[in-house]
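> What follows is a predicted structure for the sequence shown.
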Amino acid sequence: MIFIAGDPRQARLLMPQIRFHHGIGLPIYSISTAYSGTHDPRADHDLNGLIFDDAPLLLDTHGAAADARTAMHTNFPDASRRYPRLIALGEDAFNVLPYLKRLASEDWARFTGLSGNLKISADQTLIRQLEWAQFDNGLPVLLGQPKPVAGNLAADTATPADAAPPKRGEDFEQRACDYLTGRGLHLRERNYRCRAGEIDLIMTDVRTLVFVEVRYRNTARFGGAAASVNTAKQRRLTATALHYLQRHGLDTPARFDVVAMGPDNQIDWIPDAFSAQDF
C-alpha cells in the first residue's frame, strides 16, 4: 500500500511515477487534500486509481448534498471553488444544532451532513465520517457506485451538472429517502450489502433502527410492488439486517419498512411490514 500526502499538483506528479516504477496494482490512498474539489477530468486523469476520502458535498452525485452543491456554485461561484469544504462545515454547524441532544444521548444516532456523517463520541466530541471515492477517467467515483460514462469532458467540468444521471433504481430509492426524511426519519446508510443480500436504506426513527426495502412495479398485476416482498425476500432482508447489527455491535429496537411505488407515482409506506421473529 502507498499513501500520498500532498495537494492535487503533487499527487498528479506522483501517480505517473508510481505507475512507471511498476506500482500498477498497488492500492494507493490519500486524503481530501489530493482533490481540488472541482471536477477537472483533463487535469485529474493522472490520478486514476487513487482512493481518497472527502465530504459528501464534493462527492455525492444526487440527493441533498448534490442539490446543495448546485446551490453553492450558483450563489457563491468564487468561494465555492476556493472553500467548498469550509462551506460544508458551516452548513453542518448550523443544521446539526437541533439534533445535538439526540446525538449525545444515543450512541447509534447519526446526522447525515454535507461535511460527513456526524456523530458524538463517548467523550462528547462531534466527529464525522467521510465518504470514500476513487478516481476513474479523471473523475471521483464513490466506492461501490457505477463508474462514470465517458462523454463530453467540457460538460463534465461544469460542476453543478458534472455527474452522470442516476440509474432508475437509485431514483426510486432517493424518492423513498426524501419521503421518509420528510416524515421525521434520518438516513444512516444506504445500499448495505453482504453475502446474504442488500438493504436499500437504513434509517432511524427516534430510537428505532429502520431497515427499508424500496420496491417499484409498473403494473398492479400479481399484487403490485408491496406484494413483491415475498417470504424469500423477507428472509434475505432479515439475514442482512442481522449481519448489519452484529457487525456494528448494535442492540437496539429495529423494524422492517417497505416503500412501494407504482406507475401512478404514488408512494405507499408500510411501517413494520413484517417481523424478523417470523423466521
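Sure thing, it's come through.
> can we go C-alpha only for contacts and neighbour counts from here?
Noted.
> Least confident secondary structure element in this protein?
helix 153-156 (a mean of 34; mean pLDDT, DSSP states H and E).
> can you give me the helices for the stretch 51-200 of the chain?
Listed in chain order, the helices of the stretch 51-200 of the chain (DSSP state H, counting those that start in this stretch) span 56-59, 64-75, 79-82, 84-95, 100-105, 153-156, 168-181.
> Out of the ones you listed, which gets nearest to residue 275?
Of all these, helix 168-181 sits nearest to residue 275, with 19.8 Å by C-alpha to C-alpha.
> In terms of secondary structure, what does the closest one contact?
Judged by 3 or more C-alpha pairs under 8 Å, 6 or more residues apart in numbering; DSSP states H and E, helix 168-181 is in contact with strand 186-194, strand 197-205, strand 208-216.
> Need the contact partners of that helix.
63, 186, 187, 200, 201, 214, 216, 259, 261, 267 (C-alpha atoms under 8 Å, 6 or more residues apart in numbering).
> repeat that with 6 Å
Residues from elsewhere that reach helix 168-181 (C-alpha atoms under 6 Å, 6 or more residues apart in numbering): none.
> now the angle from it to helix 64-75?
90 degrees (axes from the mean of the first three to the mean of the last three C-alpha atoms, to 10 degrees).
> any idea how far residue 92 lies from residue 61?
19 Å (C-alpha to C-alpha, to the nearest Å).
> make that residue 230, sorry
Taken as C-alpha to C-alpha, the span from residue 230 to residue 61 is 32 Å.
> So the two - more neighbours on which side?
Legend: neighbour count by other C-alpha atoms under 10 Å for residue 230 and residue 61, higher for residue 61 (22 against 9).
> Next, the more buried one: phi, psi?
phi -100, psi -10 (degrees, to the nearest 10).
> separation between it and residue 68?
Taken as C-alpha to C-alpha, the span from residue 61 to residue 68 is 11 Å.
> Flag the shaky bits of the stretch 101-250 of the chain, pLDDT-wise.
Scanning the stretch 101-250 of the chain for pLDDT under 70 picks out 145-169, 217-228.
> what about residue 47, how many neighbours?
Using other C-alpha under 10 Å as the criterion, residue 47 is surrounded by 26 other residues.
> residues in contact with it?
Residue 47 touches residue 12, counting by C-alpha under 6 Å, 6+ apart.
> CA atoms only: put stretch 17-26 into CSV for me.
Output of stretch 17-26 as CSV, limited to C-alpha atoms (Å, rounded to 0.1, in the frame of the first residue of the first chain):
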residue,chain,number,x,y,z
GLN,A,17,5.9,8.0,-11.3
ILE,A,18,4.4,5.2,-9.2
ARG,A,19,3.0,3.5,-12.3
PHE,A,20,6.3,3.9,-14.2
HIS,A,21,8.1,2.2,-11.4
HIS,A,22,6.0,-0.9,-11.5
GLY,A,23,3.5,0.2,-8.9
ILE,A,24,0.4,-0.8,-11.0
GLY,A,25,-1.9,-2.9,-8.9
LEU,A,26,-0.8,-1.5,-5.5
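> starting at the chain centroid, how far to it?
On the basis of C-alpha atoms, centre = their mean, to the nearest Å, stretch 17-26 sits 30 Å off its chain's mean C-alpha point.
> avg pLDDT for that stretch?
What stretch 17-26 shows for mean pLDDT is 82.
> Please apply the same query to stretch 43-57.
Here the average pLDDT along stretch 43-57 is 92.
> start to end distance for it?
Across stretch 43-57, first to last residue, C-alpha to C-alpha, it's 21 Å.
> which parts of that stretch are buried?
Neighbour counts using 16 or more other C-alpha atoms under 10 Å place 44-57 of stretch 43-57 among the buried residues.
> just stretch 10-20 next, same as before
Across stretch 10-20, burial judged by 16+ other C-alpha under 10 Å covers 11, 12, 14, 15.
> Just the pLDDT at the first one, thanks.
What it means is residue 11. Per-residue pLDDT puts residue 11 at 93.
> how many other residues sit next to residue 76?
Residue 76 has 14 nearby residues by other C-alpha under 10 Å.
> repeat for the one 4 residues further on
By the other C-alpha under 10 Å criterion, the neighbourhood of residue 80 contains 21 residues.
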